[in-house]
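**Student:** Quick one: sequence plus predicted model below, questions after.
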Amino acid sequence: MKDDTYEYSVVKGFAFSAIFWLLIGLVVGLLIAFQMFIPKLNLTPWLTYGRLRVVHTNGLGFGFTLAAIFSCTYYILQRLTRIPLVFPKLATFHLYFFNVVIALAALSLFAGMNTSREYAELEWPIDILVVIMWVVFAVNVFASLIKRKEEQMYISLWFIIAMTVGVAVLYILNNLEMPVSWFKSYSAYAGANDANVEWWYGHNIVGSVFTFPILAMFYYFLPKSTNLPIYSHRLSIVAFWSLLFAYLWTGAHHLVYSPLPEWIQTTAIAFSIFMIAPSWGSVVNGYYTMKDDWGQIKSNYLVKFFILGITFYGLQTVQGPAQALRSLSALFHYTDWLPGHVHMGTMGWVTMTISASFYYMIPKVYKTELHSISIANAHFWLVLIGQLIFSITMWIAGIQEGSLWSALNPDGSLAYSFMEVLASIYPYYMMRALGGILYFIGIVLFAYNIIMTAKQPVITAQGRTA
Amino acid sequence: MNIYRKPVIFALAAAAVISVGTLVTTFIPVFMPSMTPVMEGIKPYNPLQLEGRDIYVREGCNNCHTQTVRPLKAEMARYGDYSRISEFTYDRPFLWGSKRTGPDLARVGGKYPDSWHYRHMKDPQAMFAKSNMPSYAWLADRPLDTTYTERKMKTLGFPYSPDDLKSLQGKNEMDALVAYLQKLGRDFKELSKKTATASGKQQEGYHD
């Protein structure tokens, strides 16, 4: 069997690394959700909200998501190039080195080594380790692509290339720093430039980590798990290049009404609106792929995950551009609406798609079947309900904060003090924590299901072996 | 040529496509002096304020507090005049923030006496029963680490005197943080006060 020549140990290693960092990141997330209304939970300096929020975002954005991306990339890469990994030992080194870097990153953030620039908080020595880790990954990707046996590169490989190039450019340019010690540096950029560079990075790292590779998974695993071909190759070409081009212009929509020059803000807003088109190119491609057999949404549990995932991607990519508009930014910016928006993307689109990809891929690499489809279904409904509670409560809270902050009395004085507005939001913070608990239970079921699948006996053509 | 069969050329094409928006919106402005204008009266940080700023960064205060006032009516009524680009020229990193779990701090300097900040940092709930801010009482127990202060000032090119450095002796982390908070927005307020007196106009009032 030719399947035996593929190198799956790194696929497995990264999959379990992803689950490990997912659980850690979510425990931290739950703690900070409770700290929002029980400040006594800020127990020690290492466990204050200001440090933990950064551990949460980095742990899940880079620990969990990147590990899951590496796992799926090493799988997809071998299948779509039809060759085993060119440098399997380098890939194994990548696996161990990645986990060391993430552990060091988490420890350094707990200790307060933090540059404060969002999603780029790591200090310069760890930045250098991240870059080395990325080069190792890129060498593996391009070695496979150059030596491949399949002539045509499928869509998923385009997105993997885009991520590999995009992250490298973003990470290096944004993290240029002037070190003063091993633990402290200052940004190479000052004031408005620092803000502009940081949000160029902040927005596009989301594109390169939460969009490109997740679309690579979607375009590969949806057809695989449904036996349906992608609806339109041409649509995917148009969507790919226009997405890649327009993404990089939009970062300054995070800085609307800031002192940044208005032309940069307006350009970003215009391109943000344009972004609806390429984003929905993928959404349409996903829905129309199912058009000949929508019945699978009932019979095939994986379809539920993928279709809900791409639906949240579609909602996310309409909500995002809407928030970029000046009038809506005036209301929503700086409120809890934004965590609601972000978590629809991360909990709804990213983690939903990764979960489904794992459910398809893990049984394949262990040559067995999924431990339990019922548990997968329970996982689906818990994370869906948990995420909806999270997002919807935060949207309501955000509208309330934005409205009350800007409410004026007839004489022009403020209608509400800051503290009155905060106090009115606490019920939503409590409901959000409840949503988080439901979501966490769903993820524990996911982790259990994957671990039990890995422990199952191998199924060969002759049947189960002990 | 079929680009979908040439991975290296594909990668170069992808890099070219992403570099257009990158250059126009981000890296050409890096070289425009108007992005970091120097305004007379807006002063760099002194050693104590800079150490305080580094503590603000270390503790992730920016996760809950913004430092930029938008030119919106209610926002200016709450926090003061809107933020100007020249106020941030000495800021590395920028600390505009993205979320207001607590109020904006761009113009908090001089709004309250030092003693207010010491009491508030020690026990926020004693002053505002419903506040969700963590207590930072422990900052007062930690002596200020001045090992790198001089190197920091040199790296950033800020002026300082030996007396400035000497004055850090015996300070704790809370002293530095309060000194930093009291600097926020203060230079600009003094500038606009001068302009207002010169033109005989009343300065915009501040409200809670």
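**Tutor:** Perfect, thanks for sending it.

**Student:** ok, residue 35 - contacts?
**Tutor:** If you meant another chain, say so; for now it's chain A. Residues near A:Gln35 by C-beta atoms under 8 Å, 6 or more residues apart in numbering or on different chains: A:41-42, A:49, A:52, B:132, B:134. From N, CA and C alone the C-beta is placed, and that goes for glycine too.

**Student:** let's do chain B instead
**Tutor:** Counted by C-beta under 8 Å, 6+ apart, B:Met35 has contacts A:191-193, A:196, A:261, B:29, B:85.

**Student:** Backbone dihedrals for B:Phe172, please?
**Tutor:** Just to correct that, residue B:172 is Asn rather than Phe. Here is the backbone geometry of B:Asn172 (degrees, to the nearest 10): phi -110, psi 180.

**Student:** contacting residues for it?
**Tutor:** B:Asn172 touches B:139-144, counting by C-beta under 8 Å, 6+ apart.

**Student:** one step back: determine which two of the contacts of A:Gln35 are furthest apart.
**Tutor:** Maximum pairwise distance among the contacts of A:Gln35 (C-beta to C-beta): 13.7 Å, between A:Leu52 and B:Asn132.

**Student:** which residues of the chain score low on pLDDT?
**Tutor:** Just so you know, I chose chain A. Counting by pLDDT under 70, the low-confidence segments of chain A come to A:1-3, A:461-466.

**Student:** other chain: chain B
**Tutor:** Low-confidence segments of chain B (pLDDT under 70): B:200-208.

**Student:** Please enumerate the helices of it.
**Tutor:** B:7-22, B:47-58, B:73-79, B:114-122, B:124-127, B:149-156, B:162-166, B:173-183, B:186-199 (DSSP state H).

**Student:** Throw the contacts of B:Asn172 into JSON lines and include distance to A:Ala330 and neighbour count, thanks.
**Tutor:** Listed next are the contacts of B:Asn172 as JSON lines, based on distance: C-beta to C-beta, whole Å; neighbours: other C-beta atoms under 10 Å in any protein chain shown:
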{"residue": "B:Leu139", "distance to A:Ala330": "35", "neighbour count": "22"}
{"residue": "B:Ala140", "distance to A:Ala330": "39", "neighbour count": "15"}
{"residue": "B:Asp141", "distance to A:Ala330": "42", "neighbour count": "9"}
{"residue": "B:Arg142", "distance to A:Ala330": "40", "neighbour count": "13"}
{"residue": "B:Pro143", "distance to A:Ala330": "44", "neighbour count": "12"}
{"residue": "B:Leu144", "distance to A:Ala330": "40", "neighbour count": "21"}
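
**Student:** Which one of those is nearest to B:Lys111?
**Tutor:** Among those, and counting by C-beta to C-beta, the member closest to B:Lys111 is B:Leu139, at 19.9 Å.

**Student:** picking up where we left off before, okay, the contacts of A:Gln35 in JSON lines with distance to A:Thr92 next?
**Tutor:** Converted to JSON lines, the contacts of A:Gln35 look like this (distance: C-beta to C-beta, whole Å):
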{"residue": "A:Leu41", "distance to A:Thr92": "40"}
{"residue": "A:Asn42", "distance to A:Thr92": "40"}
{"residue": "A:Tyr49", "distance to A:Thr92": "38"}
{"residue": "A:Leu52", "distance to A:Thr92": "32"}
{"residue": "B:Asn132", "distance to A:Thr92": "45"}
{"residue": "B:Pro134", "distance to A:Thr92": "42"}
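
**Student:** now those residues in TSV, with neighbour count and distance to A:Arg82?
**Tutor:** Output for these, formatted as TSV (neighbours: other C-beta atoms under 10 Å in any protein chain shown; distance: C-beta to C-beta, whole Å):
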residue	neighbour count	distance to A:Arg82
A:Leu41	17	52
A:Asn42	21	53
A:Tyr49	23	49
A:Leu52	23	45
B:Asn132	23	55
B:Pro134	22	55
